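# Here is a sequence with its predicted model. Questions after.
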Protein chains: 2
Amino acid sequence: MKFMTGVNKKETLEIRDLLSGSYEGTAVKVNGAVHTIRDMGEVAFVVLRKREGLLQCVFEEGKTKFNLKDLKEEATVEVEGVVKSEERAPNGFEIRLAAIRVLSQPAEPMPIAVSKWKLSTSLEANLNNRALALRNVRERAKFRIQEGVVRGFRDFLYGQGFTEIHTPKIGAKSAEGGANLFRLEYFHRPAVLQQSPQFYKQMMVGVFDRVFETAPVFRAEKHNTKRHLNEYTSLDFEMGYIDSFEDIMAMETGFLQYMTELLENEYAKELKILGVTLPNVAQIPTVRFDEAKQKVAEKYHRQIRNPYDLEPEEEALIGQYFKEECGADFVFVTHYPSKKRPFYAMDDPADPTYTLSFDLLYQGLEITTGGQRIHDYYMLMEKMEKRGMEAEGMEQYLSVFKHGMPPHGGLGIGLERLTMKLIGEENVRETTLFPRDLSRLEP
Amino acid sequence: MKFMTGVNKKETLEIRDLLSGSYEGTAVKVNGAVHTIRDMGEVAFVVLRKREGLLQCVFEEGKTKFNLKDLKEEATVEVEGVVKSEERAPNGFEIRLAAIRVLSQPAEPMPIAVSKWKLSTSLEANLNNRALALRNVRERAKFRIQEGVVRGFRDFLYGQGFTEIHTPKIGAKSAEGGANLFRLEYFHRPAVLQQSPQFYKQMMVGVFDRVFETAPVFRAEKHNTKRHLNEYTSLDFEMGYIDSFEDIMAMETGFLQYMTELLENEYAKELKILGVTLPNVAQIPTVRFDEAKQKVAEKYHRQIRNPYDLEPEEEALIGQYFKEECGADFVFVTHYPSKKRPFYAMDDPADPTYTLSFDLLYQGLEITTGGQRIHDYYMLMEKMEKRGMEAEGMEQYLSVFKHGMPPHGGLGIGLERLTMKLIGEENVRETTLFPRDLSRLEP
């Protein structure tokens, strides 16, 4: 009988293996995709694209058992050769090729030049050829950074006693009401795609105290801007037994500190490829919504048009203000007006026209909305009634309050927006593998 | 100006704090939900439910500043008291209460007795009161185990050079063809919910070599069984530069080894609560599909009705066979018939009526489907043509093969099924927070 006993050892080496051992002068096997071929006559540089970076191989006429004419860019190969230090090569070494074995051949040349350092296509062309464009080293680095952000979120929260949950995306009703919902038929019943795990994560606070989820959310918003997506990854957490809504902001600050440290330690290569300088998150200023409006109006001579909402331009100016005043990239704007927040937001007892809520702005862009929620059943019923809301269809959500819930609150972070800001991009599609927007349903 | 500087220190202690320090005889503050009150006259035991377990508090008439009559089960409280060793109490200590502060009061008594050790409701009643039923200590432990499974999957794969990806769930077309798809309207265009990230993860092999995703998938299957869900969490990976499809099974074996070790080390409490003995995954037998059918037919005197498919009963018997023959809980069944696998499955060059594919059975239940995929453009086009498939709408997927792809393969694991088997449950709804099935769209 044959058995599987664990991961198979590979004969081929990865870049990290080659960097960790002393392979100088040793014959090795590596594999990769032919990223580019520079033919100089008697020698040629064959650069392999591997998952950890580029690897320079030197083809020498007569010494390498292969006809260079048979090698195409984007072929995948396994090569044999001797490792030699070469400070001009990526990672400081190259491989003098003895043999090349072709694993697969492309059928056609690439429609876009992915081996250039910076992709020179328009974003539109990039997205139309997405699966190919991402082979560009800078393009793919963006999603390695994104991995670090999600990983940092989860690892930090595991350490803080949070439990990870998986809540359904198809539902009978959504957390935030009827607008902007994608609708579908579920075995002859009307259903929607969840625009937030809000109700579920609150319900689970009564079970696990602290929960988080990293999952897709769906918003049928007809916005066509650089910062909106119709499907995105939401990093959500919800925590019970808070002393104040500031506990939530403090927890998010802790996450940002943990995450930027993780990026520095484990994603340094990608940060370098993208030329990213990480933001300072040692301390994040907070400002009340009404004060922020006032400050910006005064400093930038701007009239306040709507005292109950922040226009995107005002958010940008608040970002600018705190950058100028205290060098901050982030600012928590607190105490949003009650009428602009959902029914479950906890009103400020000191002035119930405002809520114990916040947005986190990153260089003037909202990347988080959060706050304390109402935990008292009667208070919740009263607020729903005031807003003319029906309890019908919300029985399960309401039942957890009827049967005891601790003071709690939480937040949602847009992963693609946060990644975009971290790496200094201007369009959220740049940091979405396969964006979904008003016009884009493929690839 | 006010700043956030990181996680707020809490005055209240968690169980792990109390176990790690020496608090004997010390006054402490803790919070929690009142899980149960046992009134013995002059003293009462107030058991708090905290995220890490139960905590016994002792209420003493005259010594505790509080009227016990004002305390209700499922109230949330913050209490003060002195820590005393007590071997009969959970975790070996209790708290002699000095004061109780009520944080929130329930409006009504619980409809189900969650404080019982084992919930005595039917599964139906459990699911109808899901958010409350999960407050039961055994119920919630199942989802802590589930967390360990997902966490093990990700951490193991990070260590093996995989990159985590997030692919869209709304699409124009799905990976596996037209049947069993939930359909929706996407801004006046027909769209579907993805039943698998298959196409996307393959496309990303050309970018990152090795990728994984842990995300919901959607299947509009009209099965109403103990093992089917219409929305579930799929643990998917796909890896390039494989030497053979056995590399994929070897990687899965490595994951199972890593994951069971993680559970042993970090989820021991939950394993104990559920009385779980983890399976032996040091070695997992493999058997060809046709041989497995033959062996089972011989040993259990069963006629082979359909040589191209495994009936659930046959799967169960294969599980039984390998348990009896070599004490194995898992078995890889390999070389499934080509006609039963999707077009992208790599046929076995030795006999193209079979594929280089496998299922992993866990005690006779399929928890994984995987295999090597076709990486050659012409081979893929030929197989599609043979099956009468159109390339229309699949241009993006096909383009990655046109432009070079390494030999590769991967798999998908059903998280809820794997968790169910690990903890010895019989119905996959037991290990789904909020199941979606033919009749259940809420809560």
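Structure received.

# Now do the buried residues in stretch A:365-372.
Across stretch A:365-372, burial judged by 16 or more other C-beta atoms under 10 Å in any protein chain shown covers A:365-372. Quick note: C-beta positions are derived from backbone N, CA and C, even for glycine.

# Close to chain B: what parts of the stretch 201-350 of chain A are there?
Contacts of the stretch 201-350 of chain A with chain B, taken as C-beta under 8 Å from any C-beta of the partner chain, map to A:203-204, A:206-210, A:215-216, A:218, A:220, A:222, A:230-231, A:233, A:240-241, A:243, A:246-247, A:249-254, A:257, A:282-287, A:325-326, A:332.

# List only those of these flagged as buried.
Listed as buried from those are A:203-204, A:206-210, A:215-216, A:218, A:220, A:230-231, A:233, A:240-241, A:246-247, A:249-254, A:257, A:283-287, A:332; burial here means 16+ other C-beta under 10 Å.

# So which of the residues you listed sit within strands?
A:210, A:215-216, A:218, A:231, A:233, A:240, A:284-287, A:332 (DSSP state E).

# and the residue of chain A most remote from its centre, what are its phi and psi?
Most distant residue from the mean C-alpha position of chain A: A:Gly62, 48.4 Å away (C-alpha atoms, centre = their mean). With angles defined as degrees, to the nearest 10, A:Gly62 sits at phi 90, psi -30.

# pull the CA atoms of stretch A:282-296 into CSV?
Taking Å, rounded to 0.1, in the frame of the first residue of the first chain, the C-alpha atoms of stretch A:282-296 are listed here in CSV:
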residue,chain,number,x,y,z
ALA,A,282,2.6,55.4,17.0
GLN,A,283,-0.1,57.9,17.8
ILE,A,284,-3.2,58.9,15.9
PRO,A,285,-5.0,62.2,16.7
THR,A,286,-8.7,62.2,17.3
VAL,A,287,-11.1,65.1,16.6
ARG,A,288,-14.8,65.6,17.0
PHE,A,289,-16.8,65.8,13.7
ASP,A,290,-18.1,69.3,14.5
GLU,A,291,-14.7,70.6,15.5
ALA,A,292,-13.0,69.1,12.4
LYS,A,293,-15.5,70.9,10.2
GLN,A,294,-14.9,74.1,12.1
LYS,A,295,-11.1,73.8,12.0
VAL,A,296,-11.1,73.1,8.3
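
# do the helix of greatest length in chain A and chain B meet?
Ranked by residue count, the top helix of chain A under DSSP state H comes out as helix A:137-159. Yes - judged by C-beta under 8 Å from any C-beta, helix A:137-159 comes into contact with chain B at A:140, A:143-144, A:146-147, A:150-151, A:154, A:158.

# Let's have the residues you listed in TSV, adding neighbour count and pLDDT.
Below are the residues of helix A:137-159 next to chain B laid out as TSV (neighbours: other C-beta atoms under 10 Å in any protein chain shown; pLDDT from 0 to 100):
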residue	neighbour count	pLDDT
A:Arg140	21	98
A:Phe143	23	98
A:Arg144	21	98
A:Gln146	27	98
A:Glu147	23	98
A:Val150	20	98
A:Arg151	20	98
A:Arg154	21	98
A:Tyr158	15	98
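
# Domain ranges for chain A, per the record?
Following automatic domain parsing, chain A resolves into domains at A:15-104, A:137-431.

# and among the ones you listed, the most buried is which?
The highest average neighbour count among the domains of chain A, using mean count of other C-beta atoms under 10 Å in any protein chain shown, belongs to domain A:137-431 at a mean of 19.

# distance between the ends of it?
Domain A:137-431 has an end-to-end distance of 14 Å (C-alpha to C-alpha, to the nearest Å).

# Also stretch A:238-253?
The first and last residues of stretch A:238-253 sit 15 Å apart, counting by C-alpha to C-alpha.

# Tell me how far that stretch lies from the chain's centre.
Taking C-alpha atoms, centre = their mean, to the nearest Å, the mean C-alpha location of stretch A:238-253 is offset from the chain mean by 22 Å.

# For A:Arg183, give me its contacts.
By C-beta atoms under 8 Å, 6 or more residues apart in numbering or on different chains, the contact set of A:Arg183 is A:190-192, B:184-185.

# can you do 10 Å?
A:190-193, A:220, B:184-185 (C-beta atoms under 10 Å, 6 or more residues apart in numbering or on different chains).

# now these in CSV, with pLDDT?
CSV is the format used below for the contacts of A:Arg183 (pLDDT from 0 to 100):
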residue, pLDDT
A:Pro190, 93
A:Ala191, 95
A:Val192, 96
A:Leu193, 97
A:Ala220, 96
B:Leu184, 95
B:Glu185, 94
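
# For these, name the two members farthest from one another.
For the contacts of A:Arg183, the maximum inter-member distance is 14.5 Å, found between A:Pro190 and A:Ala220 (C-beta to C-beta).

# Select, out of the domains of chain A, the one closest to B:Val77.
Per C-beta to C-beta, nearest to B:Val77 of these: domain A:137-431, 9.1 Å.

# How far does the closest one sit from its chain's centre?
For domain A:137-431, the distance to the chain centre is 13 Å (C-alpha atoms, centre = their mean).

# ok, now stretch A:417-433?
8 Å.

# Kindly check the end-to-end length of it for me.
End-to-end for stretch A:417-433, by C-alpha to C-alpha: 13 Å.

# now the helices for the stretch 301-443 of chain A?
Using DSSP state H, counting those that start in this stretch, the helices of the stretch 301-443 of chain A run over A:312-326, A:377-386, A:395-402, A:415-422.

# Can I get the ones you listed in a markdown table including mean pLDDT?
Shown next, in a markdown table, are the helices of the stretch 301-443 of chain A (pLDDT from 0 to 100):
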| stretch | mean pLDDT |
| --- | --- |
| helix A:312-326 | 95 |
| helix A:377-386 | 96 |
| helix A:395-402 | 95 |
| helix A:415-422 | 98 |
